[in-house]
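J.: next one to model:
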Amino acid sequence: MKYDIIVIGSGPGGYVAAIRASQLGKKVAIVEKAELGGVCLNWGCIPTKALLKSAQVYTYCKNAAHYGVGIEGEVTPDWEKIVARSRTVAETMSKGVAFLMKKNNIDVINGFGRIAAQGKVDVDGTIYEADAIILATGAHPRQMPFMEVDGKHVITSKQALVMERLPQSMVVVGSGAIGSEFACLFAQLGVKVTVVEYMPQMMPLEDEEVAKTMERSFRKLRATVLTSTTVKNVTVADDMCHIEIEGKKGAETLTAEVVLSAVGIKSNIENIGLEELGIAIERDKVLVDNHYKTSIDGIYAIGDIVAGPALAHVASAEAIHCVEHICGLEPNAVDYSTIPSCVFTSPEVASVGITEQQARDKGIEYKVGRFPFTASGKATAAGDRDGFVKLIFDADDKLIGAHMVGATVTEMLGEPTLAKALGTTAHTLARTIHSHPTMHEGIMEAAEAAMGAAIHL
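T.: Residues are numbered from 1 along each chain as shown. A predicted model of the protein is given here:
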């Protein structure tokens, strides 16, 4: 069968590409070997957030007396039911993607797709033709030779989502978004958690002040954070993991029931026909131009398999640009300097733009406005006063970075992201009326602080 566009992979890059292509009048098919929605909806973003919500509810119940609410008896997490709810949420979202495919008249081809030749896709032996092929095959957890994943003692994020029981102890290797979220989750549920991070600060991509705040928050959860620490080897004996590390105190061995490997991801580019066609690759990324075209005409690549932040919303933005270019439109380029980033720990972390250290490294003249949530009426009323808003402005008073820690800050990130995209100034943010009492007021207050006109500090 002949299509205008075939998309391989149905994650946030793939299914968005398919829908946009259909909206533009193209005959489209999408190829998926597993569940519709890809890793994000089924084994990543969505089910993880469902687990974290359960942990948050459990934490509120444990602290109900603080809010004047009495609960009789012991409050305990039921891990089996928590996992079951998470899987139901994931299945619901996957069914939603299936509905969208049907609604937009997109053919779903189940199976493993690979490029057979220019304009041809092989799905488990059946050949389909297309004028354009979009690769959106995503990524999988990276594995390290000194930390062999066995699915029981040494696990990845996927296995962490469906563990049969809560372990007594866990070592999380890596403190990026995935590692930090799972470390927070299991610590909230009572697991003794140790986070091992190779870099000098946890959450290495975040602003230094954010990282320090999160280290304190993890200590409140009775989780241990070891930075500037290398994992040398992991062995299993007597049903326990023995983790050889080297850090600030020298060499030592940790023991835990489970080791969660969160050391990054690797692109899914194996066995999809790239080498046979001579499609250019650098390391494990497909090389593309500004419109996501590969080195072969008619073949495009988006999402985790190309250079750039491996985030669902980035893949979706690339998908829309790619498809609109294929269809003859002139879309604006994806602005990689204004990519919002969220970490759904407790408290949450949200950021966009450059950090203060990056501003210094680039020699940018800047000023900073901060607002602590200890001064926020809404945060105080909610009992969630940890964290702050930190805004960075350049010499022209334009917002170039925003970094926030606190309850619900991931929901607040849209405003500074739009402000940065529009070149908004501190004066405009400070004089934009924000509703009271809200956490969002922190953005206005931080902008006022940058102007030297803080009211509540």
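
J.: which residues are in contact with residue 342?
T.: Neighbouring residues of residue 342 by CB atoms under 8 Å, 6 or more residues apart in numbering: 177, 348-350, 410, 413. From N, CA and C alone the C-beta is placed, and that goes for glycine too.

J.: in the sheet, who's paired with it?
T.: Beta-bridge pairing for residue 342 (DSSP bridges): residue 350.

J.: in the sheet, who's paired with residue 254?
T.: Beta-bridge partners of residue 254, as defined by DSSP bridges: residue 243.

J.: against residue 217, how distant is it?
T.: Distance, residue 254 to residue 217, using CB to CB, to the nearest Å: 21 Å.

J.: also residue 371?
T.: Distance of residue 371 to residue 217, given as CB to CB: 18 Å.

J.: those two: which is more packed in?
T.: Set side by side, residue 371 and residue 217 show more neighbours around residue 371, with 26 against 20, by other CB atoms under 10 Å.

J.: which helix or strand contains the more buried one?
T.: According to DSSP states H and E, residue 371 maps onto strand 366-372.

J.: for the record, mean pLDDT for the next helix or strand after that strand?
T.: Once strand 366-372 ends, the next helix or strand along the chain (criterion: DSSP H and E) is helix 377-382. The predicted model assigns helix 377-382 a mean pLDDT of 96.

J.: pairing partners for the helix or strand that helix 377-382 is followed by, with directions?
T.: Remark: after helix 377-382, the chain's next helix or strand is strand 388-394, criterion DSSP H and E. Using DSSP bridges, strand 388-394 pairs in its sheet with strand 366-372 (antiparallel), strand 399-406 (antiparallel).

J.: the longest one - what's its average pLDDT?
T.: The average pLDDT for strand 399-406 rounds to 98.

J.: what's next to the next helix or strand after it, contact-wise?
T.: Proceeding N to C from strand 399-406, the next assigned helix or strand is helix 409-412, under DSSP H and E. Outside of helix 409-412, the residues within contact range by CB under 8 Å, 6+ apart are 342, 344, 347-350, 387, 389, 404, 439-440, 442-443.

J.: those, buried ones only, as a ChimeraX selection?
T.: To isolate the buried members of those in ChimeraX, using 16 or more other CB atoms under 10 Å:
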select :342,344,347,348,349,350,387,389,404,439,440,442,443
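
J.: most widely separated two among the contacts of helix 409-412?
T.: 344 and 443 (19.5 Å; CB to CB).

J.: what comes up buried for stretch 354-364?
T.: The neighbour-count check on stretch 354-364 (16+ other CB under 10 Å) flags 354-356, 359 as buried.

J.: same deal with stretch 51-63?
T.: Neighbour-count burial for stretch 51-63 flags 51-52, 54-56, 58-59, 62 (criterion: 16+ other CB under 10 Å).

J.: quick one: contacts of the lengthiest strand in the chain?
T.: For the chain, the longest strand by residue count, based on DSSP state E, is strand 126-135. By CB under 8 Å, 6+ apart, the surrounding residues in contact with strand 126-135 are 1-9, 14, 17, 29, 109, 111, 115-116, 119-121, 272, 286, 292, 294, 298-302, 305, 319, 322-323, 326.

J.: which of these fall within helices?
T.: Using DSSP state H, the subset of those located in helices is 14, 17, 319, 322-323, 326.

J.: could you export stretch 11-24 as CSV, CA atoms only?
T.: Extracted C-alpha coordinates of stretch 11-24, given in CSV (Å, rounded to 0.1, in the frame of the first residue of the first chain):
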residue,chain,number,x,y,z
GLY,A,11,5.4,8.2,21.1
PRO,A,12,4.9,12.0,21.6
GLY,A,13,6.9,12.6,18.4
GLY,A,14,5.4,10.0,16.2
TYR,A,15,1.7,10.3,17.0
VAL,A,16,1.8,14.1,16.9
ALA,A,17,3.6,13.9,13.5
ALA,A,18,0.9,11.5,12.2
ILE,A,19,-2.0,13.7,13.4
ARG,A,20,-0.5,16.9,12.0
ALA,A,21,0.1,15.2,8.6
SER,A,22,-3.5,14.0,8.5
GLN,A,23,-4.7,17.5,9.4
LEU,A,24,-2.8,18.7,6.3
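
J.: break this protein into its domains for me.
T.: Per the record, the chain has its domains at 2-141+266-336, 154-263, 347-451, by automatic domain parsing.

J.: I'd like the ones you listed laid out as TSV, including distance to residue 147.
T.: What follows is the domains of the chain, written out as TSV (distance: least, CB to CB, whole Å):
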stretch	distance to residue 147
domain 2-141+266-336	11
domain 154-263	5
domain 347-451	26
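
J.: please identify which of these is closest to residue 148.
T.: Checking those against residue 148 by CB to CB gives domain 154-263 as the closest, at 6.3 Å.

J.: just the terminal-to-terminal distance for that closest one.
T.: Distance between the two ends of domain 154-263: 13 Å, counting by CA to CA, to the nearest Å.

J.: one more: stretch 354-368?
T.: End-to-end span of stretch 354-368 (CA to CA): 12 Å.

J.: chain center to that stretch: distance?
T.: With CA atoms, centre = their mean, to the nearest Å as the basis, stretch 354-368 stands 24 Å off its chain's centre.

J.: and for stretch 24-40?
T.: With CA atoms, centre = their mean, you get 21 Å for stretch 24-40.

J.: got it, and stretch 441-457?
T.: On the basis of CA atoms, centre = their mean, stretch 441-457 sits 29 Å off its chain's mean C-alpha point.

J.: same thing with stretch 293-301?
T.: Per CA atoms, centre = their mean, the centroid offset for stretch 293-301 relative to its chain is 27 Å.

J.: that older thread, got a PyMOL select line for the buried ones in the contacts of strand 126-135?
T.: Selection of buried members from the contacts of strand 126-135 for PyMOL, criterion 16+ other CB under 10 Å:
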select buried, resi 3+4+5+6+7+8+9+14+17+29+109+115+116+119+121+272+286+292+294+299+300+301+302+305+319+322+323+326
